[in-house]
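> how would this look folded up:
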Amino acid sequence: MGTRFCAVKEAPLHDNIKQALVRATERDTNLIFRTLHNTGRVLKTPVSNEVVSMEGRPEGCSFEDIRPLVSGQSGRQALETNDMNAGLVSAGEVVGLIDDVPSCAELIERMVSECRARLTVAFSYL
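Residues are numbered from 1 along each chain as shown. Below is the predicted model of the structure:
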């Protein structure tokens, strides 16, 4: 749900980052930190591609090797300025299901409505 709430009007992210989330499919993500046993999923960007490349080296890499690429400050800069070369943009597989940028209220109303509809169908079989 975190990724979904990044693509709402009120989220403090650059509009182009929100649109990148809308355009992305579940295949537009990278798994990083796998070799460090702390896997995270992020949008495919030049930065995340570099992290994956460094982790895939035969000799591997340490966190210190990739620290400059994955720092929180770099990620924040990417989110605020739309500089996809600045840092990582976290995104779960749900990114493939995002197709708009509603307000928080609209998103929650939609989620509640869809839940009620499914529950009505489910309970109609009992």
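> For stretch 74-89, give me every contacting residue.
12-17, 20, 32, 40, 42-43, 45-48, 51, 68-71, 73, 90 (Cβ atoms under 8 Å, 6 or more residues apart in numbering). Every C-beta, even on glycine, is put in place using the N, C-alpha and C of the backbone.
> Now with 10 Å, please.
3, 6, 11-21, 24, 29-30, 32, 40, 42-48, 50-51, 67-73, 90, 95 (Cβ atoms under 10 Å, 6 or more residues apart in numbering).
> ok, now stretch 105-116?
1, 4-5, 7-10, 100-103.
> Now that we have the residues you listed, which of them are buried?
Neighbour-count burial (16 or more other Cβ atoms under 10 Å) applied to these gives 4, 7-8, 101.
> Among those residues, which ones are in helices?
With DSSP state H as the criterion, helices contain Arg4 from among the buried ones among the contacts of stretch 105-116.
> Next, format the buried ones among the contacts of stretch 105-116 as JSON lines and append distance to Glu114 and pLDDT.
Shown next, in JSON lines, are the buried ones among the contacts of stretch 105-116 (distance: Cβ to Cβ, whole Å; pLDDT from 0 to 100):
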{"residue": "Arg4", "distance to Glu114": "13", "pLDDT": "96"}
{"residue": "Ala7", "distance to Glu114": "17", "pLDDT": "97"}
{"residue": "Val8", "distance to Glu114": "16", "pLDDT": "98"}
{"residue": "Val101", "distance to Glu114": "18", "pLDDT": "98"}
